[in-house]
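Peer 1: here's my sequence, what's the structure:
(one chain, ligands or ions: 1)
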Amino acid sequence: MNIAIVGTGYVGLVTGACFAEMGVDVTCVDIDRAKIERIGRGDLPIYEPGLEELVEKNVREGRLHFTTDLAGCLDRMEVVFSAVGTPPDDDGSADLRYVREVARTFGQNLKKYTVLVTKSTVPVGTSQEIKEIVQEELNKRGVDTPFDVASNPEFLKEGAAIKDFMSPDRVVVGIESDRSKALIEKLYKPFLLNGYNIYFMDIPSAEMTKYASNAMLATRISFMNDIANLCEMIGADVDQVRRGMGADPRIGAKFLYSGCGYGGSCFPKDVRALASSGRKAGYPMRIVEVVDEVNNDQKIRVFDKLKQAFGGELHGKTIALWGLSFKPETDDMREAPSLVVVDQILRNGGNVRVFDPEAMDEARRRFGDSVQYAKDMYDTVDQADALVLLTEWKQFRLPDWAAIRKAMRGNVLIDGRNIYDPAEMREYGFRYDRIGKKMVNE
Ligand code: NAD
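Peer 2: Residues are numbered from 1 along each chain as shown. Take a look at the predicted model:
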């Protein structure tokens with residue numbers, strides 16, 4: 001089969017590489033010429049475990065191609081996946097300009113039956129709008145080429161994207177015809193040989209499933225952060241509470257971790273977009289509306305703990321930060337807690353020294369000269385007054401604390417992910433604070 005994937009970002013590149021791995025002939029399209037040239041040189045613009053090898057292999061074996069020209073390759077395609085970005089607009093709603101642009105190009109160049117599948121996260125009603133745009137372009141050309149639209153929201157997690165795409169929990173597809181259903185089913189069958197979890201449904205329900213899933217996950221995080229903050233104030237330990245809660249199969253143990261707030265390219269914008277859809281429909285989603293608010297406060301909370309540790313005065317202090325990406329195993333810093341914490345420290349007159357195993361290039365792009373960049377995790381803490389853990393990369397989990405204590409000027413340790421043992425940290429002489437448990441520091 002011949003397919004095109006439009007948008008060669010985290011979702012598009014992974015989707016393209018994984019379909020190619022299953023034997024499909026895939027052309028990845030992006031309007032960003034520099035990105036396409038870079039990928040052509042074998043230099044991927046993003047870090048995702050296993051992706052570089054998969055792309056390199058499928059390019060070498062002739063199943064994966066890259067271009068900036070959708071119009072030029074459309075004739076060969078049976079299915080076109082649109083995986084372009086849907087960033088937040090000023091009012092929180094999804095900005096659909098890239099999605100509309102793809103629909104226009106598709107309509108302007110379509111010559112035979114093709115399915116246009118939206119993989120981007122888009123509000124209910126977007127596929128209908130895409131259909132109208134394509135039809136409008138066909139009308140302008142005076143042709144009546146048949147086509148279908150479909151919705152296939154993506155559930156992969158950055159950091160585990162290849163694994164998630166190769167063995168998905170489920171594939172959700174909104175369809176409007178048996179013809180498009182058969183094509184999409186054929187494409188996904190190789191991924192579902194061990195458990196056929198493909199859910200065909202109507203298109204609005206597929207679009208909504210993605211928002212409802214992300215909003216539920218984000219709600220769990222904000223809910224647990226709220227519980228954690230209350231635990232701190234009234235003397236409970238959120239980690240013990242979490243274990244007790246998670247043992248109930250109706251609740252489940254996953255996604256019950258409190259910390260310094262969620263980030264990334266999906267939860268924050270999708271929660272805001274769902275809230276915006278509710279407001280537009282005249283049904284403000286009261287739970288969803290506060291999920292984002294609680295999360296924003298949580299990012300500040302880590303900074304507040306830091307400030308409190310210095311009696312409210314950060315002027316001249318050097319703060320070491322471990323972890324800048326919004327979660328481990330990615331270099332993605334979109335909406336990461338680190339952005340808020342760095343900004344707050346700098347505003348309060350502190351100096352920041354940062355280290356992340358993969359996000360240093362991205363950090364340089366965002367922070368420029370305003371922070372210092374460490375060579376490695378130990379270099380970060382040299383003469384630092386405090387260490388703050390923001391992203392729980394594996395290499396931060398069991399560090400050489402004696403060496404760190406020796407290298408640091410101060411002894412403040414703020415654990416934004418609750419991964420260290422308070423008793424052990426006290427033994428090393430740290431003034432240790434974390435989320436969701438009142439710390440008594442000697
Ligand atoms: P991204 O920003 O990494 O990539 C989007 C790409 O689309 C960019 O390379 C951009 O240049 C390209 N593009 C924009 N307009 C184009 C056009 N007209 N023609 C060709 N290319 C164009 O975005 P992403 O993180 O891959 O997300 C894409 C979509 O998937 C979003 O809607 C997002 O919400 C959703 N999603 C993302 C994830 C994730 O983990 N990143 C997971 C599930 C769903």
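
Peer 1: so for the residue lying closest to residue 203 once chain neighbours are set aside, what's the pLDDT?
Peer 2: By the measure of CB to CB, 6 or more residues apart in numbering, the closest residue to residue 203 outside its immediate chain neighbours is residue 174, 3.5 Å from it. In short, each C-beta sits where N, CA and C put it, glycine included. pLDDT for residue 174: 98.

Peer 1: what of residue 42?
Peer 2: For residue 42, the predicted pLDDT is 88.

Peer 1: residue 57 is in contact with that one, correct?
Peer 2: No: between residue 42 and residue 57 there is no contact under CB atoms under 8 Å: 11.2 Å.

Peer 1: in terms of neighbours, single out the busier of those two.
Peer 2: Using other CB atoms under 10 Å as the criterion, residue 42 and residue 57 rank with residue 57 on top: 14 against 11.

Peer 1: how many other residues sit next to residue 143?
Peer 2: Other residues near residue 143 come to 11 when the count uses other CB under 10 Å.

Peer 1: ignore the last one, residue 429
Peer 2: What residue 429 shows, counting by other CB under 10 Å, is a neighbour count of 14.

Peer 1: next: residue 245.
Peer 2: Residue 245 has 15 nearby residues by other CB under 10 Å.

Peer 1: helix, strand or coil for it?
Peer 2: Residue 245 falls in the helix class when you classify it by DSSP: H, G, I helix; E, B strand; the rest coil.

Peer 1: quick one: contacts of stretch 333-349?
Peer 2: Stretch 333-349 is contacted from outside by 260-261, 263-265, 267-269, 298-300, 302-303, 306-307, 314-316, 319, 321, 323-326, 351-352, 354, 356, 359, 362-363, 366-367, 370-371, 388, 390-391, 416, using CB atoms under 8 Å, 6 or more residues apart in numbering.

Peer 1: now swap in stretch 99-114 and tell me
Peer 2: 6-7, 70-71, 74-75, 77-80, 82, 84, 86, 116, 118, 120, 122, 126, 129-130, 133-138, 141, 143, 145-148, 179.

Peer 1: would you mark the buried spots in it?
Peer 2: Using 16 or more other CB atoms under 10 Å as the burial criterion, the residues of stretch 99-114 that qualify are 99, 101, 102, 103, 105, 106, 107, 109, 110, 114.

Peer 1: which of those residues lies closest to the ligand?
Peer 2: Of all the buried residues of stretch 99-114, residue 101 has the smallest distance to the ligand: 4.0 Å, by CB to the nearest ligand atom.

Peer 1: contact residues of this protein facing the ligand?
Peer 2: 6-12, 29-32, 35, 83-86, 98, 101-102, 120-121, 154, 156, 158, 265-266 (CB under 6 Å from any ligand atom).

Peer 1: one step back: thinking the residue nearest to residue 203 is in contact with residue 150, fair?
Peer 2: Yes: the pair residue 174 / residue 150 is scored as a contact, 6.1 Å apart, by CB under 8 Å.

Peer 1: shared neighbours, the two?
Peer 2: In contact with both residue 174 and residue 150: 127, 203, using CB under 8 Å, 6+ apart.

Peer 1: sorry, back to before: tell me the one of the buried residues of stretch 99-114 nearest residue 245?
Peer 2: residue 99 (38.7 Å; CB to CB).

Peer 1: pull the longest helix from the protein.
Peer 2: When the chain is parsed with DSSP state H, its longest helix is helix 203-234.

Peer 1: tell me what that one is packed against?
Peer 2: Judged by 3 or more CB pairs under 8 Å, 6 or more residues apart in numbering; DSSP states H and E, helix 203-234 is in contact with helix 126-141, strand 147-151, strand 171-174, helix 238-246, helix 267-280, helix 286-309.

Peer 1: angle of it against helix 238-246?
Peer 2: Following axes from the mean of the first three to the mean of the last three CA atoms, to 10 degrees, one obtains 130 degrees for the angle between helix 203-234 and helix 238-246.

Peer 1: residues contacting the residue in the stretch 251-400 of the chain positioned nearest to the ligand?
Peer 2: Distances between the stretch 251-400 of the chain and the ligand by CB to the nearest ligand atom are smallest at residue 265, namely 4.5 Å. By CB under 8 Å, 6+ apart, the residues touching residue 265 are 10, 158, 332, 334, 335.
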